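below are the sequence and a predicted model; questions follow.
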Amino acid sequence: MSIQKRWFEEVWNQGREQTIDELLDYDVKGHGLVGADGIEVNGREAFRVFWKAFRSAFSDIHIDVEDTVTEGDLGVARFVVTGTHTGEGIGVPPKGRPVMFTGMTMVRVKDGRIVESWNNIDFAAMFRQIG
């Protein structure tokens, strides 16, 4: 199983917080994920805060990885996110609306851990669906 598939299956679909510690470098550099404070998510602990907030907003979140490509120390995943907006973790009052949006991420891996990621996720589509 690729690191991307394991990441989405364990961290997001199963909610296994310990996998964050196993697969994400402490000083990971993230691109394209912004926390509630409007600041890009960098570092394992900042990602953990983002992850908890997002999972609390979509308690039934599920991410289907549709494709992965790996070359050298880089890996890319294309995915579809589904869930129901049931909590306030993203700053919008929940109305119980379902969402479906897509994304792609590229990661750089060193010594079995993600050290850098580039994320392109259609959060605009997500916000249109819950608004």
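Good, I have the coordinates. Keep in mind the model is a prediction, meaning the values are calculated, not measured.

show me where the chain has strands.
Across the chain, reading from the start of the chain, the strands by DSSP state E fall at 24-31, 62-71, 74-84, 98-110, 113-121.

nearest to residue 1, of the ones you listed?
Distances from residue 1 to each of the strands of the chain were compared using C-beta to C-beta; the shortest belongs to strand 62-71, at 9.6 Å. (C-beta placed from N, C-alpha, C; glycine too.)

what about the closest one, distance to the chain center?
Averaging C-alpha positions (C-alpha atoms, centre = their mean, to the nearest Å) puts strand 62-71 12 Å from its chain's average.

and it, which strands flank it?
The strands beside strand 62-71 in its sheet (DSSP bridges) come out as strand 74-84 (antiparallel).

returning to that earlier point: let's have the strands of the chain in TSV, adding mean neighbour count.
Listed next are the strands of the chain as TSV, based on neighbours: other C-beta atoms under 10 Å:
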stretch	mean neighbour count
strand 24-31	16
strand 62-71	13
strand 74-84	18
strand 98-110	17
strand 113-121	18
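
wait, doesn't residue 36 sit right on residue 52?
No: Residue 36 is not in contact with residue 52 according to C-beta atoms under 8 Å; the separation is 10.9 Å.
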